[in-house]
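Student: Pasting a predicted model and its sequence here:
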Amino acid sequence: MPSWDPDIYERYKAYRDRPALDLMVQIPDRRFGEIWDLGCGTGEHAALLALRHPGARVHGLDSSPDMLRQARGRQAEVDWVLAGVEDFTPAVPPDLIFTNAALQWLPDHAALFPRLAALLAPGGVFACQMPMAYETEHHRILRETAEAGPWAPLTRDARRINPTPPLADYHDWLTGVCGQVDLWTTTYLHALEGDDPVVDWMRGTALRPYLDALAGDEALLEAFLDAFRARIAAAFPPRADGVTLFPFPRLFMVAVR
């Protein structure tokens, strides 16, 4: 598992919150007893779910001790659980499984998504948002940079996301378990500021496996970052006002069992 940097992740909080909130408002308005936030990160959305559903038992699950350390500092009635989504086997069937920007890291969605949906209680809701990151320009540049230098032997095994399957596949995987399935995509155009803002954004998530792989060789790590910065700067130049426009597509789904 790669390490995560919660401080960098939180730096772009407003942009990272928007898809989670856009997903949350599409969840059917009903009473939930058992709620799980899978890949809860620093816990903000699990805490918000606890506020929105005060009668529910809310659990936040994440595989990063650093993320959960921050989550536990929140004043929230949430049960924080250190575990991976791949090991998720709740004792009580959830009424709501909420997962924001987490499942794209896991393989075999053809098995994962129906398995998670099948864990729901009857009438339970599966609400998921994932970046469609593999297909983006910045991820293409990251892959090409990692494969084109002396660092390539070390970055070859860095954990990487997979191409996003067709939406029709997700529909088929979920309709085998759920009676209602709604899927849609949105591309957000983020206006980033500062030096190397795209690289800075990626240091909180997508770059982490590569940084971990090169952590033992500082010179090689800096050379890799320099090469990556140069390619990203050419693809995402700042505008005259200093703002760098950064398109980011995301996939949403809400399914009711």
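Tutor: That came through fine. Numbers count the residues shown, from 1 in each chain.
Student: just checking, G176 touches R115?
Tutor: No: here G176 lies out of contact with R115, judged by CB atoms under 8 Å, at a distance of 10.9 Å. For the C-beta atoms, the positions are set from N, CA and C on the backbone; glycine is no exception.
Student: what about A101, neighbour count?
Tutor: Residues lying near A101 (other CB atoms under 10 Å) number 21.
Student: likewise the one 10 residues further on?
Tutor: A111 is surrounded by 11 other residues when neighbours are defined as other CB under 10 Å.
Student: ok so, going back, higher neighbour count, G176 and R115?
Tutor: Higher neighbour count among G176 and R115: R115, with 15 against 12, using other CB under 10 Å.
Student: Where does the more buried one fall, secondary structure wise?
Tutor: Assigned by DSSP states H and E, R115 belongs to helix 109-118.
Student: other SSEs contacting that helix?
Tutor: strand 96-100, strand 125-131, helix 167-175 (3 or more CB pairs under 8 Å, 6 or more residues apart in numbering; DSSP states H and E).
Student: Kindly recompute the last result at 7 Å.
Tutor: On a contact count with 3 or more CB pairs under 7 Å, 6 or more residues apart in numbering; DSSP states H and E, helix 109-118 meets helix 167-175.
Student: Report the distance from the helix it packs on to the chain centre.
Tutor: Helix 167-175 sits 20 Å away from the centroid of its parent chain (CA atoms, centre = their mean, to the nearest Å).
Student: do stretch 172-189 as well
Tutor: Distance, centroid of stretch 172-189 to centroid of chain: 16 Å (CA atoms, centre = their mean).
Student: likewise stretch 186-196?
Tutor: 17 Å.
Student: Low-confidence regions, the stretch 151-257 of the chain specifically.
Tutor: By pLDDT under 70, the stretch 151-257 of the chain has no low-scoring segment.
Student: do that again at 90, thanks
Tutor: 157-162, 203-206 (pLDDT under 90).
Student: Could you pull out the strands in it for me?
Tutor: Using DSSP state E, counting those that start in this stretch, the strands of the stretch 151-257 of the chain run over residues 180-192, 244-256.
Student: Out of those, which one sits most buried?
Tutor: For the strands of the stretch 151-257 of the chain, the largest average neighbour count (mean count of other CB atoms under 10 Å) is found in strand 244-256, namely a mean of 19.
Student: residues touching I97, list them.
Tutor: Contact analysis of I97 by CB atoms under 7 Å, 6 or more residues apart in numbering lists 36, 38, 116, 120, 126.
Student: No more questions from me, cheers.
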